[in-house]
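Q: Predicted coordinates and the sequence they were generated for:
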Amino acid sequence: MPSVVDPNRVIVFDTTLRDGEQAPGFSMSAEAKVEMAKGLRDLGVDVIEAGFAAASPGDAEAVRRVAGEVEGPIFCSLSRANEDDIRTAYGALQSTPKRRIHIFLSTSPIHRAAKLNMSADEVLNAAVRAVSFARTLFDDIEFSAEDAIRTEHAFLGDVMEAVADAGAGTLNIPDTVGYSTPVEIASIFAEIKARVATRHPEAILSAHCHNDLGMAVANTLAAVANGARQVEVAVNGIGERAGNCALEEVVMALRTRADLYGVHTGVDTTQLLGVSRLLSNLTHSPVVRNKAIVGINAFAHEAGIHQHGMIADARTYEIMRPEDVGFSGTRLVLGKHSGRHAIAQRAEALGYRLSGNELGHVFVSFKRRADEIGEIDDNELLAIINTVTTDGGPRVLAS
Ligand code: KIV
Ligand code: ZN
């Protein structure tokens, strides 16, 4: 766990194995969760939410196995705000001294009326009761006000202050339904931080954003800019409905734009691609090719103008180094959009230095073939170079 005295350290709370896993198509066996947890440990996340122990005996077993077989991060179980759930979470996490309970209770008017049938006072009292009971078993308690974003701000402040008084050290403000915007969430975090900091300056505010409007990462960043020091994230952005804030995106945004945010995480970013692929394999869910940070197009270029720029200086079209997220390098894809510079460079890498005239002939054949088959790999390019030579065209000089 990072030192709480470093005000610029952002805690990475990974919920791939809980919020991610509970979404359709992403369920994992206990075995798979253990494998994924090892990848997350190597990645350097601070907290792993391994599941929701009271949800099913299988979930409790998975939390028990992950916490028992993997060492390093803090392990956490989700829990409703009742004694039975809290005891079940404790049982599942008993084998690790680094344990956290994550208690949640809805606070918004729509959830209070339609889901809980409770008044605001009853919700506040139930939250405090649950945290006070949890305090008898856990030192590390996180409280989430489910649907916080649609909760009256004054009431949300009351709840957060009251659960902090009762012993919750991490106060999570989830955008449960992915409804917020960066401007709105910024002001909510600023307001709650100001409210809670008076009595609990050490409390950690946490952001947990869903992606229903495609703003989970942007909202999480806005929360960080306004005092959040924990981000709840999932690898590849998996999670309920449109998913959670993508771990790899928020971590790389904070790193790449450290000039704006001035904070850091403990994540070893060179592991991001590997962990993304691990999850994809374990859940049989391919990553879309244009996915930020870890899609196969994230550091690939086909257009001639872009390839020309990349050959001159990679900073023309890349804001991160591919090696920093785990790729072996930039991929200049040869296809119908490619230009002479990229073809000449690839030919040279394959052992052929083409003169201007030779390159002109290869270029014509290349474009014709690319129109037919799309991507031109090394074998295709060699075949084109050889055909041009054999047909009595310009000589290709072996370097
Ligand atoms: O989205 C949400 O509100 C949650 C809570 C349980 C934190 O996942
Ligand atoms: Zn969630």
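A: Cool, the structure landed. Residues are numbered from 1 along each chain as shown. Ligands and ions are numbered 1, 2, ... in the order given.

Q: List the buried residues for stretch 153-172?
A: 155-164, 166-172 (16 or more other CB atoms under 10 Å). For the C-beta atoms, the positions are set from N, CA and C on the backbone; glycine is no exception.

Q: So A126 belongs to a helix, correct?
A: Yes - using DSSP: H, G, I helix; E, B strand; the rest coil, the assignment for A126 is a helix.

Q: Among the buried residues of stretch 153-172, which lie within helices?
A: Among those, the ones falling in helices (DSSP state H) are 155-164, 166.

Q: mind putting those residues in a markdown table, distance to ligand 1 included?
A: Converted to a markdown table, those look like this (distance: CB to the nearest ligand atom, whole Å):
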| residue | distance to ligand 1 |
| --- | --- |
| F155 | 16 |
| L156 | 13 |
| G157 | 18 |
| D158 | 19 |
| V159 | 14 |
| M160 | 14 |
| E161 | 19 |
| A162 | 18 |
| V163 | 13 |
| A164 | 17 |
| A166 | 18 |
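
Q: ok, of those residues, which one's closest to R241?
A: R241 lies nearest to L156 out of these, by CB to CB, at 22.5 Å.

Q: How far off centre is stretch 81-94?
A: Taking CA atoms, centre = their mean, to the nearest Å, one finds stretch 81-94 lying 27 Å from the centre of the chain it belongs to.

Q: any idea how far stretch 103-119 is from the chain center?
A: Centroid separation for stretch 103-119 versus its chain: 28 Å, with CA atoms, centre = their mean.

Q: Ok, stretch 59-78 next?
A: Stretch 59-78 sits 20 Å away from the centroid of its parent chain (CA atoms, centre = their mean).

Q: gap between the two ends of it?
A: 11 Å (CA to CA, to the nearest Å).

Q: Quick check: buried residues in that stretch?
A: 59-67, 70, 73-78.

Q: quick one: which of those residues sit in helices?
A: 59-67.

Q: Show me which of the residues you listed is closest to S276.
A: V66 (19.1 Å).

Q: what's near enough to touch that closest one?
A: By CB atoms under 8 Å, 6 or more residues apart in numbering, the contact set of V66 is 17, 30, 33-34, 37, 48, 50-51, 75.

Q: Among those, filter down to the buried ones and hand me the PyMOL syntax, if you would.
A: Only the buried entries of the contacts of V66 go into this PyMOL selection, using 16+ other CB under 10 Å:
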select buried, resi 17+30+33+34+37+48+50+51+75
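
Q: As JSON lines, the contacts of V66 with pLDDT, secondary structure and distance to V263 would be great.
A: Converted to JSON lines, those look like this (pLDDT from 0 to 100; DSSP: H, G, I helix; E, B strand; the rest coil; distance: CB to CB, whole Å):
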{"residue": "L17", "pLDDT": "98", "secondary structure": "helix", "distance to V263": "25"}
{"residue": "A30", "pLDDT": "97", "secondary structure": "helix", "distance to V263": "34"}
{"residue": "K33", "pLDDT": "98", "secondary structure": "helix", "distance to V263": "29"}
{"residue": "V34", "pLDDT": "98", "secondary structure": "helix", "distance to V263": "31"}
{"residue": "A37", "pLDDT": "98", "secondary structure": "helix", "distance to V263": "25"}
{"residue": "I48", "pLDDT": "98", "secondary structure": "strand", "distance to V263": "21"}
{"residue": "A50", "pLDDT": "98", "secondary structure": "strand", "distance to V263": "26"}
{"residue": "G51", "pLDDT": "98", "secondary structure": "strand", "distance to V263": "29"}
{"residue": "F75", "pLDDT": "98", "secondary structure": "strand", "distance to V263": "24"}
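
Q: Up against ligand 1, what does the stretch 1-150 of the chain have?
A: Contact residues (CB under 6 Å from any ligand atom) of the stretch 1-150 of the chain with ligand 1: 19, 78, 104, 144, 146.
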